[in-house]
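**Student:** Sequence and predicted model, in that order:
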Amino acid sequence: RKEVEQDPGPFNVPEGATVAFNCTYSNSASQSFFWYRQDCRKEPKLLMSVYSSGNEDGRFTAQLNRASQYISLLIRDSKLSDSATYLCVVIFTGGFKTIFGAGTRLFVKA
Amino acid sequence: GAGVSQSPSNKVTEKGKDVELRCDPISGHTALYWYRQSLGQGLEFLIYFQGNSAPDKSGLPSDRFSAERTGGSVSTLTIQRTQQEDSAVYLCASSTGQGVTDTQYFGPGTRLTVL
């Protein structure tokens, strides 16, 4: 079983739609959680950190469920510019070993 | 300010040759990470540096891979006797090193092709 698993998609949604991605992790000692975004043939960039209490940044909402060991990302009012691959990232307690999920591809259509 | 830079941007080599990839982190960042990303795959953690030391080398795929960092700044990733399966994009990232919640800033990567 992979340490971090994501649905690869692709998710094809119209502009204005709401879309949600989930990510599961296997190591209960995981400490820190993030969502990164990667555009085609570009480097990943931080989208947002994920906190236990949940956090929101504009149209983006991230949630963490430690009991079930999953992280979610909700995108509201999708824009064409949201088309990208979304990477779930987990860092294990006690170290800096950073595990990336394989990513979920999102296509937003006009 | 300047971001993370990597060189070369592209490298084509023949099977069996050695290659050296370079990463210049953001000035003042003490933490540095190497990853590789194969076509259509996620990022695979290779190694992490805090300053010049690498407390976690567990991700290096084989003993053909080595990395060093000098002066708490520039890092080089060396692959000896390259194989075709080494073909990938090698990404470097740096962070302030203050904690596990740090943002990692990525360089543009080196695309390695082994013929």
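**Tutor:** On my side now, so go ahead. Numbering: from 1, shown residues only, chains lettered A, B, ... in the order given.
**Student:** Please count neighbours and contacts with C-alpha atoms only from this point.
**Tutor:** OK.
**Student:** mind listing the strands for the chain?
**Tutor:** Using chain A. A:4-6, A:11-14, A:19-25, A:30-38, A:45-50, A:55-57, A:60-65, A:70-75, A:84-92, A:98-100, A:104-109 (DSSP state E).
**Student:** actually chain B
**Tutor:** Using DSSP E, the strands of chain B run over B:5-7, B:10-13, B:19-24, B:31-37, B:43-50, B:53-56, B:65-69, B:75-79, B:88-95, B:105-106, B:110-114.
**Student:** looking at those, which has the lowest confidence?
**Tutor:** Across the strands of chain B, strand B:53-56 has the smallest mean pLDDT, namely a mean of 86.
**Student:** And that one, what does it pack against?
**Tutor:** strand B:43-50 (3 or more Cα pairs under 8 Å, 6 or more residues apart in numbering or on different chains; DSSP states H and E).
**Student:** most packed of the strands of chain B?
**Tutor:** Highest mean neighbour count among the strands of chain B (mean count of other Cα atoms under 10 Å in any protein chain shown): strand B:88-95, with a mean of 26.
**Student:** what's the distance between that one and the middle of its chain?
**Tutor:** Taking Cα atoms, centre = their mean, to the nearest Å, the mean C-alpha location of strand B:88-95 is offset from the chain mean by 5 Å.
**Student:** Now tell me what touches that strand from outside.
**Tutor:** Here strand B:88-95 makes contact (Cα atoms under 8 Å, 6 or more residues apart in numbering or on different chains) with A:43, B:4, B:6, B:23, B:25-26, B:29-39, B:102-113.
**Student:** Return the list of strands paired to that strand, each annotated with direction.
**Tutor:** Strand partners for strand B:88-95, identified by DSSP bridges, are recorded as strand B:31-37 (antiparallel), strand B:105-106 (antiparallel), strand B:110-114 (antiparallel).
**Student:** Now that we have the strands of chain A, can you turn them into JSON lines and tack on mean pLDDT?
**Tutor:** Converted to JSON lines, the strands of chain A look like this (pLDDT from 0 to 100):
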{"stretch": "strand A:4-6", "mean pLDDT": "94"}
{"stretch": "strand A:11-14", "mean pLDDT": "96"}
{"stretch": "strand A:19-25", "mean pLDDT": "95"}
{"stretch": "strand A:30-38", "mean pLDDT": "91"}
{"stretch": "strand A:45-50", "mean pLDDT": "94"}
{"stretch": "strand A:55-57", "mean pLDDT": "93"}
{"stretch": "strand A:60-65", "mean pLDDT": "95"}
{"stretch": "strand A:70-75", "mean pLDDT": "96"}
{"stretch": "strand A:84-92", "mean pLDDT": "93"}
{"stretch": "strand A:98-100", "mean pLDDT": "91"}
{"stretch": "strand A:104-109", "mean pLDDT": "97"}
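**Student:** can you redo the ones you listed as JSON lines with mean neighbour count and distance to residue B:45?
**Tutor:** Shown next, in JSON lines, are the strands of chain A (neighbours: other Cα atoms under 10 Å in any protein chain shown; distance: least, Cα to Cα, whole Å):
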{"stretch": "strand A:4-6", "mean neighbour count": "21", "distance to residue B:45": "12"}
{"stretch": "strand A:11-14", "mean neighbour count": "16", "distance to residue B:45": "26"}
{"stretch": "strand A:19-25", "mean neighbour count": "20", "distance to residue B:45": "16"}
{"stretch": "strand A:30-38", "mean neighbour count": "21", "distance to residue B:45": "15"}
{"stretch": "strand A:45-50", "mean neighbour count": "19", "distance to residue B:45": "16"}
{"stretch": "strand A:55-57", "mean neighbour count": "14", "distance to residue B:45": "26"}
{"stretch": "strand A:60-65", "mean neighbour count": "19", "distance to residue B:45": "22"}
{"stretch": "strand A:70-75", "mean neighbour count": "20", "distance to residue B:45": "20"}
{"stretch": "strand A:84-92", "mean neighbour count": "24", "distance to residue B:45": "11"}
{"stretch": "strand A:98-100", "mean neighbour count": "23", "distance to residue B:45": "6"}
{"stretch": "strand A:104-109", "mean neighbour count": "20", "distance to residue B:45": "18"}
